[in-house]
Structures are given as C-alpha cells and as structure tokens.
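Participant: what would the 3D arrangement of this be:
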Amino acid sequence: MNRCITFLIMIALGLLVNNYSLPQAKVIVKERVTITVDKATVRTDVPPVSINGRTLVPVRSVFKAFDAEIEWYPRERRVFIRKDNQVIWLRVGEVHAKVDGQIIPLDVALIIYRGRAMVPLRFLAETLGASVTWDPRTQTITIITSERASPKAH
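Facilitator: Just a heads-up that it's a prediction; the model follows:
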C-alpha cells in the first residue's frame, strides 16, 4: 500500500516538474502587418501574432473573406470552419486539427488572444485551397483563393 502511494506521489511530482519546465511559446504581436485576400485588404480588430515563427490571425475576420462559414463553441473552446464541402475543427491548445474527419498535426495550436480565436494562417488558408505569400519589405501577407488563382470556366 505504501509503495503504491509513494509511486503515485512520484508520478504527480514528475508531472508537475515537467509542466513547469516546458518552454513557454513567445507571442509576438505584429501590429503593422497588412493582410490581403484576393487583393482586398482585410481589417481585423486584433492584430496578427507570431508564435514559433507561425502567424496566427483572428479566424472570423480573415476567413469570412473566403466566404467560409465559421462557428465558435465557447464551452468546448472549439472553432468550426466550413468552405464548400470541406470541414475543419480546431480546439484551443491542441496541436492538431480535424479536417474532413482526419487528424492533421499543426505546428502551433489555436489560441485566444484579446478575446479572439487566433488560428494558424498558412495551414488554414492552404487547407482551403489558397496560396499564401509573405513580403517582409512591406509586411504584407497576401492570400489568393483558389477561385481567384485560376480563371473560372463559363
């Protein structure tokens, strides 16, 4: 019995030490970044942020420009995105997304920043069929959706 209790205490202490020793991701606010979707500037009430070299943007303001359906589920802390027949689920703090039922690893998790759900821009844009470029000179993120990337057939 004492061995069992000692073992459980050691596991609990190990978990505490590991949690406190994990490096915290540094959030860098990108106040002067411009985001365009199909040449239209997207206005956001919260600036993009960078975590571990990945840019996160407010999901609603950016992906509404894609004509995507977006829902936020506060109890589960999850965001749902649908564009055409594609469905994407992300949850705060999880480093994977569910895309059309398949689990896809992410470089950085969805976060809440200044009350907004911030999602990894490149992953989401490319998953929805868009191309993303970064111009460091002008501090501009350019997103071209697949509808604009190729001429539509009549």
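Participant: could you find the closest non-adjacent residue to residue 87?
Facilitator: residue 100 (5.8 Å; Cβ to Cβ, 6 or more residues apart in numbering). Using the backbone N, CA and C atoms, a C-beta is placed for each residue, glycine as well.
Participant: pLDDT wise, what is the residue most central in space within the chain at?
Facilitator: Nearest to the geometric centre of the chain sits residue 119, at 2.0 Å (Cα atoms, centre = their mean). What the model reports for residue 119 is a pLDDT of 94.
Participant: can you tell me the closest non-neighbouring residue to it?
Facilitator: residue 59 (4.6 Å).
Participant: where does this protein dip in pLDDT?
Facilitator: When residues are selected by pLDDT under 70, those of the chain lie in 1-25, 147-154.
Participant: how about the strands in it?
Facilitator: 27-29, 34-37, 40-42, 49-51, 54-58, 69-73, 78-83, 86-91, 96-99, 102-105, 111-113, 116-120, 131-135, 140-144 (DSSP state E).
Participant: neighbouring strands of the fifth one in the sheet, and parallel or not?
Facilitator: When pairs are called by DSSP bridges, strand 54-58 turns out to pair with strand 49-51 (antiparallel), strand 116-120 (antiparallel).
Participant: give me the contact list for that strand.
Facilitator: 30, 33, 35, 44-46, 48-50, 107-108, 110-111, 113, 116-122, 134, 141 (Cβ atoms under 8 Å, 6 or more residues apart in numbering).
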